[in-house]
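S.K.: Have a look at this fold, sequence not included:
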């Protein structure tokens, strides 16, 4: 985690997050079907996008996650590193799972 990070709820970290098998199972327990929320690529599974954002993000004056308690592990690890103080993640601890 980045020390003294203060979330502004801008949603910049909420682009299409990677999913582990555990993430998929956790989200399925909420009643979603895997094919409704997953996008598969040769490098892994990701949450489907809606208007270039994670489909689970609700944007308004502030962004919030509709599945916060079951969110992907890459999301609860954020922020582990930031690019020049930006909210866009550069590398997360779980990235090692996909290397």
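M.R.: Now that the structure is in, tell me what you want to look at. Fair warning: this is a prediction, and the values are worked out from it, not measured in the lab.

S.K.: what does stretch 23-43 contact?
M.R.: 16, 19, 45-49, 55-56, 67, 70, 72-74, 98 (CB atoms under 8 Å, 6 or more residues apart in numbering). For glycine as for every other residue, the C-beta is placed from the backbone atoms N, C-alpha and C.

S.K.: repeat that with 10 Å
M.R.: Residues from elsewhere that reach stretch 23-43, judged by CB atoms under 10 Å, 6 or more residues apart in numbering: 16-20, 45-49, 54-56, 66-67, 69-76, 94, 98-99.

S.K.: Repeat that for stretch 50-65.
M.R.: Against stretch 50-65 from outside (CB under 10 Å, 6+ apart): 7-17, 27, 30, 32, 36-37, 39, 46-49, 66-68, 70-72, 75.

S.K.: about what we covered before: which ones among the contacts of stretch 23-43 map onto strands?
M.R.: 18, 19, 45, 46, 47, 49, 54 (DSSP state E).

S.K.: so how far is stretch 69-76 from its chain's centroid?
M.R.: From the chain centre to the centre of stretch 69-76 is a distance of 6 Å (CA atoms, centre = their mean, to the nearest Å).

S.K.: Which positions in that stretch come out as buried?
M.R.: Across stretch 69-76, burial judged by 16 or more other CB atoms under 10 Å covers 70, 71, 72, 73, 74, 75.

S.K.: The lengthiest helix in the chain - what's its average pLDDT?
M.R.: When the chain is parsed with DSSP state H, its longest helix is helix 21-28. The average pLDDT within helix 21-28 is 96.

S.K.: mind listing what's buried in that helix?
M.R.: 23, 24, 26, 27.

S.K.: Near residue 77, how many other residues are there?
M.R.: 14 (other CB atoms under 10 Å).

S.K.: mind checking pLDDT for it?
M.R.: 74.

S.K.: what do you get for residue 14?
M.R.: pLDDT at residue 14 comes out at 81.

S.K.: quick one, what contacts it?
M.R.: Contacts of residue 14 (CB under 10 Å, 6+ apart): 47, 53-59, 63-65, 71, 75, 78, 87.

S.K.: end to end, how far does stretch 44-52 reach?
M.R.: Distance across stretch 44-52, first residue to last, is 18 Å (CA to CA, to the nearest Å).
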